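Undergrad: no sequence for this one, just the structure:
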């Protein structure tokens, strides 16, 4: 085979990855392989890794060294933190080759790996496999400008996953397949290399297939974000407003019940995302969101108890105010956690602004409606206070004193000359 047999894959714009496997390495099952990482200098770092997920991946991170060259750092992928330099005895033995460095607005690393067929924690890769999974991630930003292989890197902006057919990547000679005859400068690796320049490489994607598991992640993240935003920013507050405005408890309960189910659908999608990325519940957004969703289970119970109390007493009680206050607190926490989710997903400024504006509008509407209905209720109660009191009967006048005329005696008195006894 010729050097043109080296595979090349560009998952995003000018971010490209190349791979070549010498026939001698493929036949023996071990030995050198060659890979290339190429990207615009507007990126802070670019990483290539084996496997279909970050956990347990044998990773190679490239960034500028501040002297018109590049640094290549071997790292081990983990679940719970950004990868750091692998200094173990099984760390990838990497050598920067001719063609590595910074050329105008492009940085490039042509790398030989002497032991990439196996790595720490039992990781291995068959050099004659027709379907080897690979991952990549990148972060835009200013140059790290360091030769430190353990330089701290921040979370990636984007990522990709695909499979290489290593039998289609075989090259005849055990030599750098990414350059023909060019002079070069050095990068920060285990040995010096030539000046920066682009070599020949495979131009098609024959031997490359995309990994659908990770390719679906952007759509899953979008679906999770939209569903949870609709539930906490819009539906829950509007459902709360329905009760004082319309006074229909059945409509209020049905509305909030549908929103409750929708919330769990969004949460389930979030769990799928965490499982596929194998990040675990370690981010503030995921921990906070899990707590909020679990606490929300109590709200329908409080609502039912409030309804029963009101039916019996025709007035609110302590359970009523517990239901109201508890629900308001969870709604506010949900909106805040949505903002944390946008931050975790590195959402664009336009999306953050849109979320904030909608949340602010709904908040103002919620406060206005609650304030108006409360004022109307107090005013109605004050105006009808006299009407609601039992009317007192008008006091009857005291009975008039009756005078009776004494009957006259039928006989006159002695003084009157009547007979005496």
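TA: On my side now, so go ahead. Just so it is clear, the structure is predicted and the values come from calculations on it, not from any experiment.
Undergrad: Residue 52: neighbour count?
TA: Number of residues near residue 52 (other C-beta atoms under 10 Å) recorded here: 20. C-beta here means a position set from N, CA and C on the backbone, and glycine is covered the same way.
Undergrad: how about it, phi and psi?
TA: Per-residue torsions, residue 52: phi -110, psi 10 (degrees, to the nearest 10).
Undergrad: residue contacts, the nearest residue to it once chain neighbours are set aside?
TA: Among residues not flanking residue 52 along the chain, residue 133 sits closest, at 3.9 Å (C-beta to C-beta, 6 or more residues apart in numbering). By C-beta atoms under 8 Å, 6 or more residues apart in numbering, the contact set of residue 133 is 50, 51, 52, 161, 162, 163, 211.
Undergrad: Reformat those as JSON lines; add secondary structure.
TA: Shown next, in JSON lines, are the contacts of residue 133 (DSSP: H, G, I helix; E, B strand; the rest coil):
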{"residue": "50", "secondary structure": "strand"}
{"residue": "51", "secondary structure": "coil"}
{"residue": "52", "secondary structure": "coil"}
{"residue": "161", "secondary structure": "strand"}
{"residue": "162", "secondary structure": "strand"}
{"residue": "163", "secondary structure": "strand"}
{"residue": "211", "secondary structure": "coil"}
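Undergrad: tell me which element residue 223 is part of?
TA: Using DSSP states H and E, residue 223 sits within helix 217-229.
Undergrad: Show me what that helix is packed up against.
TA: Counting contacts by 3 or more C-beta pairs under 8 Å, 6 or more residues apart in numbering; DSSP states H and E, helix 217-229 packs against helix 249-277, helix 318-344.
Undergrad: is the closest residue to residue 5 other than its chain neighbours in a bridge, and if so with what?
TA: Distances taken as C-beta to C-beta, 6+ apart put residue 171 closest to residue 5, at 5.5 Å, once the chain neighbours are dropped. For residue 171, the beta-bridge partners are residue 22 (DSSP bridges).
Undergrad: on that earlier part again, for the residue nearest to residue 52, I want the exact helix or strand it lies within.
TA: strand 132-140.
Undergrad: Could you pull out the buried residues of that strand?
TA: 132, 133, 134, 135, 136, 137, 138, 139 (16 or more other C-beta atoms under 10 Å).
Undergrad: so what's the fourth one up against?
TA: Looking back up the chat, that one is residue 135. Counting by C-beta under 8 Å, 6+ apart, residue 135 has contacts 48-54, 57, 159-161, 211, 214.
Undergrad: go on, the third one?
TA: Residue 134 makes contact with 17, 48, 49, 50, 51, 161, 162, 163, 164 under the criterion C-beta under 8 Å, 6+ apart.
Undergrad: Tell me the secondary structure of the second one, please.
TA: Following three-state DSSP, the label given to residue 48 is strand.
Undergrad: a helix runs through residue 206, doesn't it?
TA: No: Residue 206 is assigned coil when assessed by three-state DSSP, not a helix.
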